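Trainee: I need the structure of the sequence given here:
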Amino acid sequence: MAKFDITPYINMSPAEVRSLIRAGKIDFPTAGMCRGYAQANLVILPSEYAADFKEYARKNPFPCPILEIIEGTPETHDMGEGGNIVTDIPEYFIYRNGKFSERVKDASAFWQDGFVGFLIGCSFSFEEALMKAGIEVRHIAMGCNVPMYKTNIMTEKAGLFEGPMVCSMRPMTPENAKLAYEITEKYPNVHGAPVHIGDPAEVGVADINKPDYGDPVEIRPGEVPVFWPCGVTPQAAIENAKPPIVITHSPGHMFITDVLNTELNDYLEAKKQNQ
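Mentor: Residues are numbered from 1 along each chain as shown. Take a look at the predicted model:
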């Protein structure tokens, strides 16, 4: 399990960190960077799959809350003017025909005319609120990636897209789990409340120490696993839909937006009213 130090980047601006990522100077997970700012998952698809994927996200709003749709060029606007979804994430996954093909640090060579990008809300955004409440976020404390698991909770199908919900997990005491539920249910645009607290087997996780994505974390005596919907869920659906090529973020390696966590929900609700 690779360890890394986010300390130099905690108080940097999103634009500064995106610039360092673009220059190849940051190549590890982004949890805890740019204190206060929302982070986002990524899916880039050929245009003929975009409508079905948008409907899939609409039907599954907690694992797949759309923050911005990017068309024409890979440049972002709503979530960060001047950002670029193929250069400003530390690591990308490339899928071909539904199968993982390779990981790259810069996805510029894979962008094609007509591609459509989706920035999707990330649970890293509510971790700031958990830490402010005195709840330790274990993967940040350990300097590793968050553990993520394919569960037996099935998403609602749209077109070719279907599959299991992927959940991120953070261990904590039962008391803190209750508090975490109360905090995160106020963040519906970044996955909302946990979907399960307690026995991992009840959501189809056979071995909590072997996540499907990310790194295992320490679970201390008296703690329970707490599972949240995760923006890696689309990657499981991509395996079923089998588009010829898809670009996603590497789990844990996010696009850091220019929107504050405290303002994200109001921003997105206002955007919905104007559509």
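Trainee: all strands for the stretch 1-150 of the chain, in order.
Mentor: All strands of the stretch 1-150 of the chain, identified by DSSP state E, counting those that start in this stretch, fall at 37-45, 66-71, 92-96, 99-104, 116-121, 148-154.
Trainee: Tabulate the ones you listed (CSV), appending distance to E81 and mean neighbour count.
Mentor: Yep, even glycine has a C-beta here, placed from its N, CA and C like the rest. Below are the strands of the stretch 1-150 of the chain laid out as CSV (distance: least, Cβ to Cβ, whole Å; neighbours: other Cβ atoms under 10 Å):
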stretch, distance to E81, mean neighbour count
strand 37-45, 14, 28
strand 66-71, 11, 19
strand 92-96, 22, 19
strand 99-104, 25, 12
strand 116-121, 13, 25
strand 148-154, 30, 20
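Trainee: So for N209, which of these sits nearest?
Mentor: strand 148-154 (10.9 Å; Cβ to Cβ).
Trainee: so how far is that closest one off the chain centroid?
Mentor: On the basis of Cα atoms, centre = their mean, to the nearest Å, strand 148-154 sits 15 Å off its chain's mean C-alpha point.
Trainee: immediately after it, which helix or strand?
Mentor: strand 164-172 (DSSP states H and E).
Trainee: Would you map out the domains in the protein?
Mentor: Domains of the chain are assigned by automatic domain parsing as 10-123+238-274, 133-233.
Trainee: do you know which of those lies nearest K3?
Mentor: Among the domains of the chain, the nearest to K3 by Cβ to Cβ is domain 133-233 (4.5 Å).
Trainee: a markdown table for the domains of the chain, including distance to F4 and mean pLDDT?
Mentor: Below are the domains of the chain laid out as a markdown table (distance: least, Cβ to Cβ, whole Å; pLDDT from 0 to 100):
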| stretch | distance to F4 | mean pLDDT |
| --- | --- | --- |
| domain 10-123+238-274 | 4 | 94 |
| domain 133-233 | 6 | 96 |
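Trainee: where along this protein do the helices fall?
Mentor: When secondary structure is read from DSSP state H, the chain shows helices at 14-22, 47-59, 124-132, 138-142, 174-184, 233-241, 261-274.
Trainee: ok, residues contacting the shortest one?
Mentor: Residues outside helix 138-142 that contact it (Cβ atoms under 8 Å, 6 or more residues apart in numbering): 3, 6, 31-32, 127, 131, 145-147, 170-172, 214-215, 217-218.
Trainee: tell me which residues in that helix are buried?
Mentor: 138-140 (16 or more other Cβ atoms under 10 Å).
Trainee: Check the last one too.
Mentor: By neighbour count on 16+ other Cβ under 10 Å, the buried set for helix 261-274 is 261, 264-265, 267-268.
Trainee: okay but Y267 is in contact with D258, surely?
Mentor: No - the criterion here is Cβ atoms under 8 Å, and Y267 misses it with D258 at 10.6 Å.
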